[in-house]
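1. give the three-dimensional model of this entry:
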Amino acid sequence: MPERAKALAAVDNYLAQLTAADLDGIMAAYAAEPTVNDPIGSPPKVGRDDIRAFYASILPLQPKAELIGPVTVTGAYAAFQFRLALTIGENPVVVLATELFRLDEDGLIVEMTAVPDLEAGA
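-> You can find the predicted model right below:
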């Protein structure tokens, strides 16, 4: 179970790397055999290759992530809500997302589950 400080740092780092559109930085935040459920209910992305391809498809949309409220931490889990601004074509889109990370002892993301809401973000 990671320390609270590691969990908070993991969330801050993830949002910073996403905003910087740093694919290698995002991937460095993940453990060796991660899973991403984004959006929740879609087929999971399993393994580094699938997850890298997932983020590579998002980064051209110029993501800008802003944390909303506190990060809640219980054991190996960190939950947080953030606003994600994207540019699709010439249109700005804002998504409100709630994410849940399961972290390893080193504070790396083992599993990420995202619950995005396109209507609440505007």
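
2. dihedrals phi and psi, the residue sitting furthest away from the middle of the chain?
-> In the chain, the residue that sits farthest from the middle, by C-alpha atoms, centre = their mean, is E90; the gap is 23.7 Å. Reported as degrees, to the nearest 10, the phi and psi values for E90 are phi -110, psi 10.

3. swap in G75?
-> According to degrees, to the nearest 10, G75 has phi 60, psi -120.

4. geometric centre of the chain: which residue is closest?
-> Closest to where the C-alpha atoms of the chain average out (C-alpha atoms, centre = their mean) is Y14, at 6.1 Å.

5. thought that residue was touching I109?
-> Yes: at 7.1 Å, Y14 counts as touching I109 under the criterion of C-beta atoms under 8 Å. In short, each C-beta sits where N, CA and C put it, glycine included.

6. so for these two, which residues contact both of them?
-> Common contacts of Y14 and I109 (C-beta atoms under 8 Å, 6 or more residues apart in numbering): 29, 101.

7. picking that back up, show me what contacts the residue nearest to the centre of the chain?
-> 26, 29, 101, 109.

8. in contact with the second one: list those residues for me.
-> With contact set as C-beta under 8 Å, 6+ apart, A29 has these partners: 10, 13-14, 17, 108-109.

9. just the pLDDT for it.
-> In this model, A29 is scored at 98, pLDDT.

10. distance of it relative to L100?
-> A29 sits at a distance of 15 Å from L100 (criterion: C-beta to C-beta, to the nearest Å).

11. A16 too?
-> Taking C-beta to C-beta, one finds A16 at 19 Å from L100.

12. now do the buried residues in the lengthiest helix in the chain.
-> Counting by DSSP state H, the longest helix found in the chain is helix 4-19. Residues of helix 4-19 classed as buried: 6-8, 10-11, 13-15, 17-18 (neighbour count, 16 or more other C-beta atoms under 10 Å).

13. repeat for stretch 41-59
-> Neighbour-count burial for stretch 41-59 flags 44-45, 51-52, 55, 58 (criterion: 16+ other C-beta under 10 Å).
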